[in-house]
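**Student:** What follows is a predicted protein model with its sequence.
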Amino acid sequence: MHITFSRSAADKLGLYLTGGTKQLKLLHDTEGCGCVVSGVPALQLIDSPSVDDRQEQGDPLSYWFEPRHEVFYEPKLRVDYDPNRDSFSLKSDNQIYTTNLRLLK
């Protein structure tokens with residue numbers, strides 16, 4: 001799975017990633033969903049990865065994710081940031097996953 005971050009998304013996320021204390025994770029959030037299939041994507045700032053996480057080099061940011069959730073996403077994804085809405089989005093060539101991609105700090 002590969003994620004391309006737009007310039008605006010990379011700049012906004014870079015504000016939280018400078019200093020090297022936090023890392024970025026694409027989270028398949030199932031909290032309160034009842035089933036893993038009903039999960040929603042989110043970006044999460046983490047201190048360190050869990051044993052289940054795998055790191056990928058996106059463009060231009062690296063990120064962590066849980067390989068067991070990879071089945072819910074297409075191989076090539078894009079994350080964008082709209083400063084007018086203060087909102088991230090997650091898309092692929094074939095679909096829009098969300099235009100309100102949460103950033104969990």
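**Tutor:** Structure's in. What do you need?
**Student:** list the contacts for the residue nearest to R68 when sequence neighbours are not counted?
**Tutor:** Distances taken as CB to CB, 6 or more residues apart in numbering place D52 nearest to R68, at 7.2 Å, with adjacent residues excluded. In short, each C-beta sits where N, CA and C put it, glycine included. Contacts for D52 (CB atoms under 8 Å, 6 or more residues apart in numbering) come out as 66-68.
**Student:** where does D52 land in three-state SS?
**Tutor:** For D52, the assignment made with DSSP: H, G, I helix; E, B strand; the rest coil gives coil.
**Student:** so which of the contacts of D52 is the most crowded?
**Tutor:** Across these, neighbour numbers were computed from other CB atoms under 10 Å; E66 holds the maximum, 15 neighbours.
**Student:** Tell me, what's the model's pLDDT at T30?
**Tutor:** We have a pLDDT of 61 for T30.
**Student:** let me redo that: S38
**Tutor:** S38 is assigned 59 on the pLDDT scale.
**Student:** What ranges in the chain fall below the confidence cut-off?
**Tutor:** Applying pLDDT under 70 to the chain flags residues 30-38.
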